[in-house]
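my questions concern the predicted model and sequence given below.
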Amino acid sequence: MKTQVLGNWQPTKLECETIKIEFYDHLFQLVGPFSSSEYEIRPPLDHNRFVDVPLGTQRPHTDRQRDDMIVWSNIIPTVVILNDGTVMSTAPGDIILINNHESEHMQPLKHGERWFVRLSNIMVQ
């Protein structure tokens, strides 16, 4: 699949269970039946505790162990860089399909302030 913005979405409530249910429903409306091998929801970081962020995620990288993946954040979207060096134009709430063979991505500055969802190894039926 091609790296692209699939649509824009915001949940009715910023909590894990609501995001999980509503995100799956909205994504189904956008792409039809799908499956993924990995699913992650990250709430904003608690800045009162130390959180170890992998150093490489704040630099352009690919997740080579994953093929297509979908990411979403309510604010401050993931930065996506296409193979030709173009930085994709994205907005808060965009649902972004990332093909790890044709683009790189990185966490934005202040990534800990956002809600974040990642589905990996997406298969659209």
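Thanks, I have it.

remind me which residues of this protein are low pLDDT?
For the chain, the stretches with pLDDT under 70 are 46-58, 61, 64-65.

just the helices in it please.
Secondary structure of the chain (DSSP state H): helices located at 16-31.

which stretches of it form strands?
4-8, 34-35, 38-42, 68-73, 79-82, 94-99, 103-106, 116-120, 123-124 (DSSP state E).

nearest to Pro60, of the ones you listed?
strand 103-106 (4.0 Å; C-beta to C-beta). In short, each C-beta sits where N, CA and C put it, glycine included.

and the closest one, how far from the chain's centre?
Its chain's C-alpha centre and that of strand 103-106 lie 11 Å apart, by C-alpha atoms, centre = their mean, to the nearest Å.

which other helices and strands does that strand contact?
Counting contacts by 3 or more C-beta pairs under 8 Å, 6 or more residues apart in numbering; DSSP states H and E, strand 103-106 is packed against strand 79-82.

center of this structure - which residue?
With distances taken as C-alpha atoms, centre = their mean, the residue of the chain nearest its centroid is Val71 (1.4 Å).

picking that back up, CSV for the strands of the chain, including distance to His26?
Formatted as CSV, the strands of the chain follow (distance: least, C-beta to C-beta, whole Å):
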stretch, distance to His26
strand 4-8, 7
strand 34-35, 12
strand 38-42, 14
strand 68-73, 9
strand 79-82, 20
strand 94-99, 8
strand 103-106, 21
strand 116-120, 11
strand 123-124, 15
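
those strands: which one's closest to Thr18?
Shortest distance between Thr18 and these, using C-beta to C-beta, is found for strand 38-42: 10.2 Å.

other residues contacting the closest one?
Cys16, Ile19, Lys20, Arg66, Trp115, Phe116, Val117, Arg118, Leu119, Ser120, Asn121 (C-beta atoms under 8 Å, 6 or more residues apart in numbering).

hmm, back to that, what's near enough to touch the residue nearest to the centre of the chain?
Pro77, Thr78, Ile95, Ile96, Ile98, His105, Phe116, Val117, Arg118.

which of those lies closest to Thr3?
Nearest member of those to Thr3, counting by C-beta to C-beta, is Ile98, at 5.5 Å.

the closest one pairs with what?
Assessed by DSSP bridges, Ile98 has beta-bridge partners Met69.
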